[in-house]
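Novice: sequence unknown, structure follows:
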């Protein structure tokens, strides 16, 4: 494996199959960088992560992932677990593309690919963005514990071609059988929360689910997370909050606690659902979370 090659990692199923259909054009545009392009197709969940780690360990220096937030999540974990560092280029071809928006990457995949090829050709210096670590996993855009993890699990089960609206549909479905409010003890700097909550969200970027402006002030290169805690709320309160969550005008609501943090511990009364970058995780009762400033280099 040569370091001069551009290694393109692609999940053909990303974006409801759009990524696979765009692969020939993406490869063509990346070739304009003047470097050969080698394509690595993901076959299953976790495969892209393994491929990325192996490529970096073997000396790859130009990595590009074409996919959604799930693909970026796997690529980030692959890079962070590798024995050496390597920069990553991102081509957004997913449903939400929250990380791309947070990183100022054009959402038009052809435009993003053209700009990336030009940066590679010019040998542009990569820029650092923060990465989060939660227990033994890494995340690029954000982590959610509680209700939003349940919403994510339901959204991932749908195969409807309705884009970001799948998350709105999942919220409505999540409320049918009630809203769990497990007891959590959250210790983050001077902030201690000890009681029932609807959710805890650790935001590295401002968007989740494509359409929800969960942390309007969050930046993924400022060396700090935005922690949002939502106190127990009813179905009616959630419905009233939805328009504000989309607009990003919910931060002053009484049910919302907001705190900038770099490290925190969440201890739950029982194992609860969580997600990292929209990827549902096994049920867990304790979450040790820390920020790794500038740990991921973007091409």
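Specialist: That came through, no problem. Keep in mind it's a predicted model, so treat the numbers as computed, not measured. Numbering: from 1, shown residues only.

Novice: Residue 92 touches residue 111, doesn't it?
Specialist: No. Taking contacts as C-beta atoms under 8 Å, residue 92 lies outside contact range of residue 111: 10.1 Å. Where C-beta positions appear, they are placed from N, C-alpha and C, glycine not excepted.

Novice: Identify the residues contacting the nearest residue to residue 244 once chain neighbours are set aside.
Specialist: What sits nearest to residue 244 in space, not counting adjacent residues and going by C-beta to C-beta, 6 or more residues apart in numbering, is residue 250, at 3.9 Å. Going by C-beta atoms under 8 Å, 6 or more residues apart in numbering, residue 250 touches 241, 244, 256.

Novice: Show me which residues of the one helix or strand residue 54 maps to are buried.
Specialist: Secondary structure from DSSP states H and E places residue 54 in helix 47-57. Within helix 47-57, the residues that qualify as buried are 48, 49, 51, 52, 53, 55, 56, counting by 16 or more other C-beta atoms under 10 Å.

Novice: Would you agree residue 251 falls within a helix?
Specialist: No. According to DSSP: H, G, I helix; E, B strand; the rest coil, residue 251 belongs to no helix; its state is coil.

Novice: right, and it touches residue 216 too?
Specialist: Yes. Between residue 251 and residue 216 there is a contact at 6.8 Å, judged by C-beta under 8 Å.

Novice: Report the contact partners of the closest residue to residue 92 other than its chain neighbours.
Specialist: Excluding the flanking residues, the one nearest residue 92 by C-beta to C-beta, 6+ apart is residue 100, at 3.8 Å. Neighbour list for residue 100: 90, 92, 106, 107, 112 [criterion: C-beta under 8 Å, 6+ apart].

Novice: which of residue 92 and residue 111 has more neighbours?
Specialist: With neighbours defined as other C-beta atoms under 10 Å, residue 92 and residue 111 compare such that residue 92 has more, 29 against 13.

Novice: do you know how far the more buried one is from residue 217?
Specialist: 22 Å (C-beta to C-beta, to the nearest Å).

Novice: Which element, helix or strand, includes residue 289?
Specialist: If you go by DSSP H and E, residue 289 is part of strand 279-298.

Novice: again with residue 24
Specialist: With DSSP H and E as criterion, residue 24 is part of helix 18-30.

Novice: how far is the helix or strand containing the residue nearest to residue 92 from where the chain is centred?
Specialist: Here residue 100, judged by DSSP H and E, is contained in helix 98-102. For helix 98-102, the separation from the chain centroid amounts to 8 Å (computed by C-alpha atoms, centre = their mean, to the nearest Å).

Novice: And that helix, what's buried?
Specialist: For helix 98-102, the neighbour count (16+ other C-beta under 10 Å) marks 98, 99, 100, 101, 102 as buried.

Novice: that older thread, format the contacts of residue 100 as TSV; extra columns: secondary structure, distance to residue 168 and pLDDT.
Specialist: TSV is the format used below for these (DSSP: H, G, I helix; E, B strand; the rest coil; distance: C-beta to C-beta, whole Å; pLDDT from 0 to 100):
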residue	secondary structure	distance to residue 168	pLDDT
90	strand	25	98
92	strand	20	96
106	coil	24	97
107	coil	19	96
112	helix	26	98
